[in-house]
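A.B. asks: Kindly generate the corresponding structure for this input.
(2 chains)
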Amino acid sequence: MKKIILTLVFSCFIITLYSQNKTIISDLDGLTLNIGETFTPNTYVSNSDGLKSNCSNIIYYNKKGVFSSANSISVDVENGSIKANEPGTHEVVAICIGEGGKRHSRTFEVFVNYPKIKKVTLKLDDNSVYVGNYIPLIYEITDELDVIRTIDYWSSDIGIKYFSKVSFSLKALNDKINIDNSNNILAVKDGVSTIEADFDGIKGNINVNVLKNPTSKIELVSNNENSKTGDVIQFEAIAYNKKGKVIENLPIEFSFTGKSFDKSNTASGLILQDGRFVGDVAGKYIVTARVGNISTSKVVNIFKRNVKREMNTVGTGLVNDKHTSDFWVFEGVDGNDYAVTGTWGADGTSYFWDVTEPSNIKKIDSVQVDARTVNDVKVSSDGKICVISREGASNRKNGIIIIDVSNPYDVNIISEYTKNLTGGVHNVFIYENHVYALSNGERYYIINIEDPKNPYEVGMFEIEKEGQSIHDVWIENGIAYSSNWKDGVYLVDVGNGIVGGSPSNPVAFGNYSYDSGAHHATYPFKSKSTGKFYTVLGDEIFPNGVNSKGPSETAGFIHFVDFTDLNDPKEVARYEIPSHGSHNYWIEDDILYVAMYTGGVRVVDISGDLLGDLYKQGREIGYILSGSPDGYIPNDTMVWGAQLYKGHVFYSDFNTGIGAAKVAPVKPDTSKTNQHILD
Amino acid sequence: MRFLLVIFFFYNQIQAQNYYVYVAAESDDTVSLIKFNETEAKEVERFEVGYLPTEIEGPHGITVDPNGEFWYLSLAHGNPFGKLIKYSTKNNEPLDQTTLGLFPASMQISSVTGLLYCVNFNLHGNMKPSSVSVVDPETMAEIKRIKTGIMPHGSRISYDGLKQYSVSMMSSELYEIDAITLKVSRKLNLSNKMNMGKSMNDKMEMKMSEMNHSTIKPTWVIPHPSKNIAFIACNGSNEIIEVDLENWKISNRISTGKGPYNVEISPDGKYLVATLKNEGSTAIWDLDNMILLSKIKNTTSVSHGIAISSDSKYAFVSVEGIGGEPGVVDVISLKRLEKISSVNVGKQAGGIAFWKMEN
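C.D. replies: As a prediction, the model looks like this:
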């Protein structure tokens, strides 16, 4: 035993003796460069005993990578030099390949000086500054490289980012303007004043003429005084001068305060500067209109929306040996009702169902193709042709399969089409004898299926951007709505005629994108109650990726974008529920039927003008959870899609297959029927 | 006698090695860890990979770093770019990730630079040149993207760690990248190009030259561990091309069965092993004499990747299967030239990497 211990001690000694720590030494350490400056670092390896050894080769790189850092510091590999391109602190990694191919690396912080400011220009968007108004100043900064950066009143974070190393001060040259510690600028007296901004010793100034407030009275009118949560009230403020005359074009600010009727809740709502107000929570709200130091208020009562209805599952068609993907319910040529469901990560099977009696959903046929995922299924409006998508085909040709579903009890494959679709088809749509099929998540092809035995390509649409990516396409009234992740929705004329497009000549005419970049599905929605036209855009987000130990967390929501003015789309409302993310959905008669993945099927009242947070406004009519103890993953709700069909809400669930639910009719309010008895 | 048998049994148990490989299942978004004890292969663990539970992200390429501490996985599909994920071999938990190009696929780490070289296969995109991404696995930063041919595949590093080789499937080229300068050092045309005749006008000629669509479809390249040659699997022409790396020219063409896809050489340099995708079999050659030793039928169809144990005794072959069939890892003895064991894994088993052997 003693021998073993001695051997171990000796071994440790030998290992310690020979394993010396090596460190990269480089004059990159603490280096400061100016923009445009080139530097050739001197780098070597030092042993812990101070001995220096040279690197036979050195590779430098900017740590975030050339594709994610806008090339802040570029590297000339051949000359072994670096060049500063962007201001700020950047990490440069030096990889030293020493003798015998031993690699050592170390990260160094290199600071690139912010370019000196050459000129400061101050601007105002609107010169009508009245006593009592805050002044929204715009700063235009020109640096020594003649790069101009604009910082407006609300984006000082950009200023902080770029000028964090620069001293900044702001002052007014007389007492007509007051500037607080947060650099908010308030007009306090009428007359001319000058505001002076100082960025690192470079001054810019602007003369501001503070006008005496001509307003002596504001009248605040609204189209409603007692309303429900979610209903939009339009306020109009009319300003009068001392003589009682209306003053036009005054900048009027709207604001509100409120108190919830329920003392356990808090008032909440939204007011826009065009006077539209919505209350999310039942309560008493005071809406105020203000011009400078003159204001007026009006009280509105907001009551509960009370749209809740009973919703129950009436029938299911269980698929529990594989995951279920998308589905489509259709009327067959025999007048009965049928559905088709796809499967995911399985064996390429699609199932056909008789759903004529939603309480008795029957599996009636199936088709198996060479694929692992049939992500999407669609049926033509005449109920004769079904198209299914393929991913994971063994020959990697994928494409689409066209199926005769004239007799859903005995469906037959008519043809396979793979041209330009080998990368996998994730989603399809059938519209007027054409299939719109996504290709490799990059673009969609338009395929004529008038003769379903001989389909042929007639057109293609892509947004022609580097890194273009598409997830879905939906067609209505000759307009294709494609969902292009970070590039948002594209409206493409494929036969509507609005810009002369056709299936063989698709022409884009509208686009809207949003910051999260998670745009996954689109449904066009013309509001029956208001006539407004929206594109309803859905996210798909898995915030924590795949949870291999249980259900995966979902996130994301439904965006309502007012597209009434095609050239100026505006995002006005959202439907978002806590901890559950959106997937596919359907809209009919101003009601949204949405698959919220882990949150089940949700039915939402989207009647009237839409503004703000629809969930908080109590617009949800009802919901069901579709998890089953017999599911592929037991009791795990993961609703994929929803479709209203002949009064039933059909849905597909990743773990349970297909189902149908019913929303109960509105019950008459009988709560006060016997009230007189108590009186 | 019984005593001798017992002794023999325990001796074998003591001598038997355990071999570990990782294999990716492209249509299941899973990776399996396989343990083989020289008698039987077992799936030790299967773990889900990727970020989108309802999208197939297609884990395609897999490699283990030279020290065996980490493994790296390429996810083919993203929005639209694929990803490279770094995992610990200790617990198989993801540690870091970076975004690469379109359909990142096969890759390997140079033991000299420590950098990872991954081809952006762009399998289903337009026929245009793609690239090799160079990633520092320590920081998981993509430090350079080097333009190569159309649909590059089969990223393999020379044994001295100084060169990276890949082939472009649709432009029939072998690319050699200097692992240190990160530049293409040489390019070899492998194709028997379409002869378009002299009447073609210049514009047309240029277009065809740009297209240069491959008839031989090279899908994999492996440099020899000690000789200055490399072997290329030509999926379209049913052959393996030998390239003289010193003189940078084709030195031999070896007929194979249908659809050679991946090709590897045992570390001792004795065996050349190729999957024949369209036959569902694995072929083994004696490299010294360039003799086909055996063609072994795989358990299912669509044979894909090969990982050879560091002692050159076993080839682990991934087999995709079709549709709902499970993927399979077949273990082939290179000495006995027979399939010893097979184990089911996720669907469309593809990328496979040898991790370690231990007692």
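A.B. asks: partners of the strand or helix carrying residue A:402 in the sheet?
C.D. replies: Using DSSP states H and E, residue A:402 maps to strand A:400-404. With DSSP bridges as the test, strand A:400-404 is paired with strand A:385-389 (antiparallel), strand A:412-417 (antiparallel).
A.B. asks: got a list of contacts for the first one?
C.D. replies: Residues from elsewhere that reach strand A:385-389, judged by Cβ atoms under 8 Å, 6 or more residues apart in numbering or on different chains: A:328, A:340, A:342, A:350, A:367, A:369, A:374-380, A:400-405, A:411, A:414, A:424-428, A:430, A:435, A:437-438, A:449, A:452. Every C-beta, even on glycine, is put in place using the N, C-alpha and C of the backbone.
A.B. asks: again, only using 6 Å
C.D. replies: A:340, A:350, A:374-379, A:400-403, A:405, A:425, A:428, A:430, A:435, A:452 (Cβ atoms under 6 Å, 6 or more residues apart in numbering or on different chains).
A.B. asks: Now for residue A:106, how many residues are close by?
C.D. replies: Applying other Cβ atoms under 10 Å in any protein chain shown, we find 17 other residues in the vicinity of residue A:106.
A.B. asks: Surely it is in contact with residue A:24?
C.D. replies: Yes. Judged on Cβ atoms under 6 Å, residue A:106 makes contact with residue A:24 at a distance of 4.0 Å.
A.B. asks: Identify the contacts common to the two.
C.D. replies: Contacts common to residue A:106 and residue A:24, judged by Cβ under 6 Å, 6+ apart, are residue A:94.
A.B. asks: Let me know the next secondary structure element after the helix or strand that contains residue B:143.
C.D. replies: Secondary structure assigned from DSSP H and E places residue B:143 in strand B:141-150. Under the assignment DSSP H and E, the closest C-terminal helix or strand after strand B:141-150 is strand B:152-157.
A.B. asks: Packing partners of that following strand?
C.D. replies: strand B:104-109, strand B:116-120, strand B:163-168, strand B:218-223 (3 or more Cβ pairs under 6 Å, 6 or more residues apart in numbering or on different chains; DSSP states H and E).
A.B. asks: Between those strands, which one is closest to residue B:286.
C.D. replies: With Cβ to Cβ as the measure, strand B:218-223 is the member of those nearest residue B:286 (15.9 Å).
A.B. asks: the helices in the chain, which residues?
C.D. replies: All of this refers to chain A. A:2-18, A:156-163, A:675-678 (DSSP state H).
A.B. asks: actually chain B
C.D. replies: Counting by DSSP H, the helices of chain B are B:2-15, B:202-211.
A.B. asks: between these, which gets the lowest average pLDDT?
C.D. replies: Lowest mean pLDDT within the helices of chain B: helix B:202-211, at a mean of 44.
A.B. asks: what's the domain layout of chain A?
C.D. replies: Using automatic domain parsing, the domains assigned to chain A come out as A:20-112, A:117-211, A:217-303, A:311-663.
A.B. asks: got a list of what the residue nearest to residue A:22 when sequence neighbours are not counted touches?
C.D. replies: Excluding the flanking residues, the one nearest residue A:22 by Cβ to Cβ, 6 or more residues apart in numbering or on different chains is residue A:45, at 5.2 Å. Residue A:45 makes contacts with A:22, A:24, A:53, A:96, A:98, A:104, as judged by Cβ under 6 Å, 6+ apart.
A.B. asks: Around chain A, pick out the residues from the stretch 101-250 of chain B.
C.D. replies: Residues of the stretch 101-250 of chain B lying close to chain A by Cβ under 6 Å from any Cβ of the partner chain are B:112, B:114, B:124, B:139, B:141-143, B:161, B:180-182.
A.B. asks: And the furthest pair within the residues you listed?
C.D. replies: Among those, B:112 and B:124 lie farthest apart (Cβ to Cβ), at 33.6 Å.
A.B. asks: got the phi/psi numbers for the residue of the stretch 1-150 of chain B found nearest chain A?
C.D. replies: Minimum separation of the stretch 1-150 of chain B from chain A (Cβ to the nearest Cβ) falls at residue B:124, amounting to 2.5 Å. With angles defined as degrees, to the nearest 10, residue B:124 sits at phi -110, psi 10.
A.B. asks: I'd like to know how many residues surround it.
C.D. replies: 22.
A.B. asks: Now do the residue nearest to residue A:397 when sequence neighbours are not counted: how many residues are near it, please.
C.D. replies: Spatial nearest neighbour of residue A:397, excluding adjacent residues (Cβ to Cβ, 6+ apart): residue A:418 at 4.4 Å. Here the count is done by other Cβ under 10 Å, and residue A:418 has 16 residues near it.
A.B. asks: Check what pLDDT residue A:418 gets.
C.D. replies: Per the predicted model, pLDDT is 96 at residue A:418.
A.B. asks: Quick check: it touching residue A:399?
C.D. replies: Yes. Counting by Cβ under 6 Å, residue A:418 does reach residue A:399; the two are 3.2 Å apart.
A.B. asks: give me the low-pLDDT residue ranges for the chain?
C.D. replies: This is for chain A. Within chain A, the stretches with pLDDT under 70 are A:1-20, A:65-70, A:100-101, A:152-165, A:548-549, A:668-679.
A.B. asks: look at chain B instead
C.D. replies: Looking at chain B by pLDDT under 70, you get B:1-15, B:192-214.
A.B. asks: How many residues are close by the nearest residue to residue A:574 once chain neighbours are set aside?
C.D. replies: Nearest non-adjacent residue to residue A:574, counting by Cβ to Cβ, 6+ apart: residue A:557, 5.2 Å away. Close neighbours of residue A:557, defined as other Cβ under 10 Å, add up to 23.
A.B. asks: got a list of what residue A:557 touches?
C.D. replies: A:539, A:574, A:576, A:582.
A.B. asks: Show the contacting residues for the closest residue in space to the first one that isn't next to it in sequence.
C.D. replies: Just to be clear, that refers to residue A:539. Distances taken as Cβ to Cβ, 6+ apart place residue A:556 nearest to residue A:539, at 2.8 Å, with adjacent residues excluded. Residues near residue A:556 by Cβ under 6 Å, 6+ apart: A:518, A:539-541, A:581-582.
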